[in-house]
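Peer 1: Kindly generate the corresponding structure for this input.
(one chain, ligands or ions: 2)
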Amino acid sequence: MPIDTSLYPDNWNSLALKVKEAALWRCECCEKRCYKPGEIPKGLTRSEWTADILQVHHRNHDTSDNRLTNLMSVCAACHLDLHRSRYSPVSEGQLSLW
Ligand SMILES: [Zn+2]
Ligand SMILES: [Zn+2]
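Peer 2: Numbering: from 1, shown residues only. Ligands and ions are numbered 1, 2, ... in the order given. Got it, this is the predicted structure:
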């Protein structure tokens, strides 16, 4: 396997999907059920549905450590909290990766 030094691993999307499916599309912090891709209701504004979208969090905050055991699915609000509590604030745009 070639060493991938980029921040986004080639298989990031399928990896993230695996994590979210394993969590049954729920946030692992607050257990909120989130939208699957394609399930987002029409008529919601972006800020409305982005709050109910799952993101993938690195438990040890090492984004190069993409073992499934290091990844957890969290909703946007919990994800922000996870980072606010331990680290200097990251912008929401960055969060889908962290
Ligand atoms: Zn949550
Ligand atoms: Zn994170």
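Peer 1: Which residues are in contact with the residue in the chain positioned nearest to ligand 2?
Peer 2: Nearest residue of the chain to ligand 2: residue 57, at 3.4 Å (C-beta to the ion). Any C-beta I mention is one placed from the backbone N, CA and C, and that applies to glycine too. For residue 57, the contact set (C-beta atoms under 8 Å, 6 or more residues apart in numbering) comprises 71, 72, 73, 74, 79, 82, 98.
Peer 1: how about a cut-off of 6 Å?
Peer 2: Counting by C-beta atoms under 6 Å, 6 or more residues apart in numbering, residue 57 touches 72, 74, 79, 82.
Peer 1: ok but it is inside a strand, no?
Peer 2: Yes: assigned with DSSP: H, G, I helix; E, B strand; the rest coil, residue 57 falls within a strand.
Peer 1: which residues does it bridge with?
Peer 2: Beta-bridge pairing of residue 57 under DSSP bridges involves residue 72.
Peer 1: ok so, going back, can I get the contacts of residue 57 in a markdown table with neighbour count and pLDDT?
Peer 2: Rendered in a markdown table, the data for those read as follows (neighbours: other C-beta atoms under 10 Å; pLDDT from 0 to 100):
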| residue | neighbour count | pLDDT |
| --- | --- | --- |
| 72 | 22 | 96 |
| 74 | 25 | 96 |
| 79 | 24 | 92 |
| 82 | 20 | 90 |
